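# Sequence and predicted structure, then a few things I'm wondering about:
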Amino acid sequence: MVPLFIDSAVTIVDAQRLRGYDFNQGGPLERVRRYVPVVIPFHGRAAQGEQHGDALEARGFGFSHEPTTFIEYPVTAADIMAFAFLIALGTLYFMLYWTGLGGIGPMK
C-alpha cells in the first residue's frame with residue numbers, strides 16, 4: 001500500500017504544479033506549509049485505497065486454499081409439493097379475504 005500512497009501523493013503534487021502552485025517558493029518552513037493543499041486530496045485518496053484493500057480482502061485476494069464453489073441442490077418431489085401447498089394456501093387466504101370472510105375486524 002505504501003507505493004500506492006506515494007504514487008497518489010506525487011500525482012496530487014503534479015496536479016497542483018500544473019495549476020500553477022509553486023511548492024519551492026519561500027524558506028524551509030514556508031515550503032512545508034505549501035504542502036498543506038496536498039493533504040486534503042491525499043487523505044481522500046488514502047481512504048479510497050483503504051476501501052480498495054478491504055474489498056480485496058473481502059474477496060479473498062491472496063488466499064492460498066481452493067475457493068469454495070456454489071452447490072446446486074436438485075429440485076425434488078417434496079420441494080414441488082411444498083411449493084404447491086404454499087401456493088394453494090396463499091390462494092385460499094386471498095379468496096377468503098376477497099369475499100370478506102378472512103378479514104380482521106375492528107379492534108375493540
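Received, thanks. Numbering: from 1, shown residues only.

# Now do the residue positioned nearest the centre of the chain, the pLDDT please.
Centroid-nearest residue in the chain: Ala55, 7.7 Å away (criterion: Cα atoms, centre = their mean). We have a pLDDT of 75 for Ala55.

# Below-threshold pLDDT in this structure: ranges please.
Low-confidence segments of the chain (pLDDT under 70): 1, 4, 45-49, 52, 61-65, 67-68, 102-108.

# To which secondary structure element type does Ile71 belong?
Of the three states, Ile71 takes coil according to DSSP: H, G, I helix; E, B strand; the rest coil.

# Backbone dihedrals for it, please?
Per-residue torsions, Ile71: phi -100, psi 120 (degrees, to the nearest 10).

# and the gap between it and Asn24?
Ile71 sits at a distance of 62 Å from Asn24 (criterion: Cβ to Cβ, to the nearest Å). Where C-beta positions appear, they are placed from N, C-alpha and C, glycine not excepted.

# And the two? Which one has more around it.
Asn24 (8 against 5; other Cβ atoms under 10 Å).

# Could I get the contacting residues of that one?
Applying Cβ atoms under 8 Å, 6 or more residues apart in numbering to Asn24 gives the contacts Arg31.

# backbone phi and psi for it, please?
phi -100, psi 10.

# next one: Gly20
Taking degrees, to the nearest 10 as the convention, Gly20 sits at phi 100, psi 10.

# neighbours around it, how many?
Residues near Gly20, counting by other Cβ under 10 Å: 6.

# Can you report how many residues neighbour Ile12?
Ile12 - counted by other Cβ under 10 Å - has 19 other residues nearby.

# Check the contact between it and Val36; I expect there is one.
No - between Ile12 and Val36 there is no contact under Cβ atoms under 8 Å: 11.9 Å.

# Not including adjacent chain positions, what is the nearest residue to Phe23?
Nearest residue to Phe23 in three dimensions, chain neighbours excluded: Arg34, at 5.0 Å (Cβ to Cβ, 6 or more residues apart in numbering).

# Please tell me I have it right and that neighbour contacts Gln25.
Yes - using Cβ under 8 Å, Arg34 is in contact with Gln25, at 7.0 Å.
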